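> build me a model from this:
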Amino acid sequence: MNAQTIARLLEYFDFKQFFEQNPPLRLVIIFLFMCLFALVVRFLCSVLQKKLEKISVAKYHFNTSSGVKSIMDTMDFELFEKFVQNIKNLFYLGVCYWGSTQLNLGPIYVDISKIIFTALGILFGIKFFSSFIPFNIDLSLRRRGATLKTSQTQSLMPIVKGVIWAIGITFLLDNLGLHVSTIIAGLGIVGVAVGLAGQAILADFFSYIVILLDKPFRIGDFIEISDGRSGAVEYMGPKTVHLRSLEDDLIICANSELTKGVLINQGSIHERVVIEEIGVAYDTPPDQLKHLSDLLRDIVNSFPQCSFDRACLLSFGSSNLIYQLIYLVGEQRGGLRDFMNTRSQVNIAIIERFAEEGIVMAYPTETVIMKGQGHSEENAFSTASAGSDKTTRSTKIIKIPKKN
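Numbers count the residues shown, from 1 in each chain. Have a look, this model is predicted:
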């Protein structure tokens, strides 16, 4: 039975014969029972929804590695409402199907109603599973302190929904009497041709599957790829990954690039180690040098997110005494941005405290002694760039008067 036959049967539907086989009183009773069943379905779904919402008032509590307490709802209410609405639609469709079975119709019209309700049932079933699977995945992730929206599993949802729709449509076409095997064989041939033409796209897609399974990074992590580009992960798709750089530029990378080269993930670091080398002048008094480690400890510990490790006189430089300072910065919500801001604040605090204590942070210097004529000793200063490291050097020229 094709669509044209169904349309002609509906066009020539005999209403007189229909009302003879189904008296008005019978129709009214069937309608009242359908309304009663619909009300029961609505009531049960409302009770179920209220019960689940009452349970979800309790929240999950998590303690992060940085000591910050995190609170999360037990469910995503937006996904929950879609899930409940799809349940209602399936029950309402079941009520309508029961009503159609109570009518006295001809065999042909019974087959038509079955086809219609089968098609609607499959479509409603597809929507139900498309909301049921994300809802349950989100519930599972929330027990571990994450959500579907912030997890990289969100990128897999379009593929899951596509598979559900493909299975549902295949089942629908099979129930309509179409030869699904022929269609699938034709699609297989087309797929081979498309695969040969779009090898780069398929490489990115399979790299996307590898990223989802291996989980080298997640949404929000700050990563650096092999060509030196870096940024926070904003989006993961079947073809590309979007990174947001520190300069607020949007970097779009192919998935295959991320799986081929070396990847540095700075987002999964709970504590970041900072190693600073500070140069002080050789003429710094020994008493100040002895207390310099304690001074650096006080500066670092004045920041609650920092933890002092050690500070020591590392080596004797060509122009200064080199102190090495090592401290830890705990996990922060802003990630790398907050880490860089904290490091900057610590460095500024060191400069301010050194200025208060009269400690000079030396730079490379050179002294040139020249013999020549002159009335008195004369000092002159000039600066120059020394080598590729662009170290600023101060040259002190001392002129010595020539003896008569």
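
> tell me where this protein has strands.
Using DSSP state E, the strands found in the chain span residues 59-63, 69-73, 222-224, 230-236, 240-244, 250-254, 264-265, 272-280, 306-316, 321-329, 365-372, 379-386, 391-401.

> where do the helices of the stretch 151-300 of the chain begin and end?
With DSSP state H, counting those that start in this stretch as the criterion, the stretch 151-300 of the chain has helices at 157-175, 180-197, 199-214, 255-260, 286-301.

> circling back: worst average pLDDT in the strands of the chain?
Of all the strands of the chain, strand 379-386 carries the lowest average pLDDT, namely a mean of 42.

> can I get the helices of the stretch 151-300 of the chain in CSV with mean neighbour count and distance to Lys88?
(C-beta placed from N, C-alpha, C; glycine too.) Formatted as CSV, the entries for those read as follows, by neighbours: other C-beta atoms under 10 Å; distance: least, C-beta to C-beta, whole Å:
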stretch, mean neighbour count, distance to Lys88
helix 157-175, 14, 19
helix 180-197, 11, 31
helix 199-214, 15, 33
helix 255-260, 19, 39
helix 286-301, 15, 59
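
> could you list every residue that touches Asp309?
Asp309 makes contacts with Val273, Ile326, Tyr327, Leu328, as judged by C-beta atoms under 8 Å, 6 or more residues apart in numbering.

> show me what the longest helix anywhere in the chain is packed against.
When every helix of the chain is counted residue by residue (DSSP state H), the longest turns out to be helix 107-142. Helix 107-142 makes packing contacts with helix 3-11, helix 77-101, helix 157-175 when contacts are defined by 3 or more C-beta pairs under 8 Å, 6 or more residues apart in numbering; DSSP states H and E.

> now these as a markdown table including distance to Gly125?
Formatted as a markdown table, the entries for these read as follows, by distance: least, C-beta to C-beta, whole Å:
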| stretch | distance to Gly125 |
| --- | --- |
| helix 3-11 | 22 |
| helix 77-101 | 7 |
| helix 157-175 | 7 |
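
> so which of those helices gets nearest Leu123?
With C-beta to C-beta as the criterion, Leu123 lies closest to helix 157-175 of the helices and strands packed on helix 107-142, at 7.3 Å.

> counting contacts, what elements does that closest one pack onto?
In terms of contacts (3+ C-beta pairs under 8 Å, 6+ apart), helix 157-175 is packed against helix 107-142, helix 180-197.

> what's in contact with stretch 232-248?
For stretch 232-248, using C-beta under 8 Å, 6+ apart, the contacting residues are 152, 155, 158-159, 201, 204-205, 208, 211-212, 217-223, 229-231, 250-255, 258, 267, 335-337, 340.

> hmm, 7 Å instead?
For stretch 232-248, contacts defined as C-beta atoms under 7 Å, 6 or more residues apart in numbering pick out 152, 155, 201, 204-205, 208, 211, 217-223, 230-231, 250-255, 258, 335.

> show the buried residues in these.
By the neighbour-count criterion of 16 or more other C-beta atoms under 10 Å, the contacts of stretch 232-248 include these buried positions: 152, 155, 204-205, 208, 211, 217-219, 221-223, 230-231, 251, 253-255, 258, 335.

> now the end-to-end length of stretch 221-239.
19 Å (C-alpha to C-alpha, to the nearest Å).

> centre of the chain to it, how far?
Chain-centre distance of stretch 221-239: 11 Å, with C-alpha atoms, centre = their mean, to the nearest Å.

> which of the residues in that stretch are buried?
Of the residues in stretch 221-239, those with enough neighbours to count as buried (16+ other C-beta under 10 Å) are Asp221, Phe222, Ile223, Ile225, Ser230, Gly231, Ala232, Val233, Met236, Pro238.

> can you tell me how far Ile169 is from Ile112?
Using C-beta to C-beta, to the nearest Å, Ile169 is found at 20 Å from Ile112.

> repeat for Asn89
For Asn89, the distance to Ile112 (C-beta to C-beta) stands at 21 Å.

> and for Leu105?
Separation of Leu105 from Ile112 (C-beta to C-beta): 9 Å.

> residue contacts, the spatially closest residue to Gly125 that is not a sequence neighbour?
Excluding the flanking residues, the one nearest Gly125 by C-beta to C-beta, 6 or more residues apart in numbering is Gly168, at 6.6 Å. Gly168 makes contact with Ile122, Gly125, Ile126 under the criterion C-beta under 7 Å, 6+ apart.

> can you check Pro304 too?
When contacts are counted by C-beta under 7 Å, 6+ apart, Pro304 touches no other residue.

> distance between the ends of stretch 97-106?
By C-alpha to C-alpha, one end of stretch 97-106 lies 16 Å from the other end.

> now it: average pLDDT?
Averaging pLDDT along stretch 97-106 yields 80.

> and it, how far out from the chain's middle?
51 Å.

> would you mind listing the buried residues in that stretch?
Neighbour-count burial for stretch 97-106, with 16+ other C-beta under 10 Å as criterion, is recorded at Tyr97, Gly99, Ser100, Leu105.

> and which of these is nearest to Asp287?
Where these are concerned, and distances follow C-beta to C-beta, Asp287 has its nearest neighbour in Tyr97, at 93.3 Å.

> just give me the neighbour total for the nearest residue to the closest one once chain neighbours are set aside.
With sequence-adjacent residues excluded and distances taken as C-beta to C-beta, 6+ apart, Tyr97 is closest to Phe117, at 4.8 Å. Burial of Phe117 is recorded as 16 neighbouring residues (other C-beta atoms under 10 Å).

> can you check the pLDDT for Phe117?
The predicted structure scores Phe117 at 84 on the pLDDT scale.

> contacting residues for Ile252?
When contacts are counted by C-beta under 7 Å, 6+ apart, Ile252 is found next to Thr240, His242.

> done for today, thanks.
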